[in-house]
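Undergrad: I need the structure of the sequence given here:
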Amino acid sequence: MNVLIVDDNKAAADLLRELLGLEEHTVHCSYCAQDALDAATATAFDAALVDLVLPDFSGAELARRLRAAAGGRSLLLIAVSGLGLEDAGDAAAPGLFDHHLQKPIDFEALDRMLAAPVP
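TA: Next up, the predicted model:
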């Protein structure tokens, strides 16, 4: 899969990129929402892992914009946060994200999400 990782914690994003690369995914990291949007206009991603707390705007807002940028194309959106889903606020809106992973990420769960068809 072609995967976009969006996290302002550069070390965490880069580690996740390395791990997903070992699984033969093509991975791009963005460290803020605007960079992620720029990347999404240039590249058709199959999946995006989006941190809910970003420096320029929320992960929920980014998810809305990524869905719009996909133009109806299938895009798996996974919220990644230190918050539980019950504390995710706007990001818990139905249909916004396909899945939610709490940090630290369960890599086996992430592998299953990436292997399953997009809901």
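Undergrad: go ahead and flag the most central residue of the protein.
TA: The residue at the geometric middle of the chain, judged as the C-alpha nearest the mean C-alpha position with Cα atoms, centre = their mean, is residue 49 (1.5 Å).
Undergrad: show the model's pLDDT score for that residue.
TA: The score at residue 49 is 98. That number is its pLDDT.
Undergrad: same question, residue 118
TA: In the predicted model, residue 118 carries a pLDDT score of 71.
Undergrad: just to revisit the earlier point, quick one: classify the residue nearest to the centre of the chain as helix, strand or coil.
TA: strand (DSSP: H, G, I helix; E, B strand; the rest coil).
Undergrad: which strand residues bridge it?
TA: Note on residue 49: beta-bridge partners by DSSP bridges are residue 5, residue 78.
Undergrad: just checking, it touches residue 1?
TA: No. With contacts counted by Cβ atoms under 8 Å, residue 49 stays clear of residue 1, the gap being 11.1 Å. Bear in mind the C-beta positions are built from the backbone N, C-alpha and C, glycine included.
Undergrad: between those two, which contacts overlap?
TA: Contact with both residue 49 and residue 1 is made by no residue, according to Cβ atoms under 8 Å, 6 or more residues apart in numbering.
Undergrad: quick check: residue 17 touching residue 5?
TA: Yes. If you go by Cβ under 8 Å, residue 17 and residue 5 touch, sitting 5.9 Å apart.
Undergrad: when these two are compared, which one has more neighbours?
TA: Of the pair residue 17 and residue 5, residue 5 is the one with more neighbours under other Cβ atoms under 10 Å, namely 25 against 19.
Undergrad: list the contacts for that one?
TA: With Cβ under 8 Å, 6+ apart, residue 5 has these contacts: 13, 16, 17, 20, 27, 28, 29, 30, 48, 49.
Undergrad: my guess is the fifth one contacts residue 19. True?
TA: No. Under the criterion of Cβ under 8 Å, residue 27 is not in contact with residue 19, lying 9.1 Å apart.
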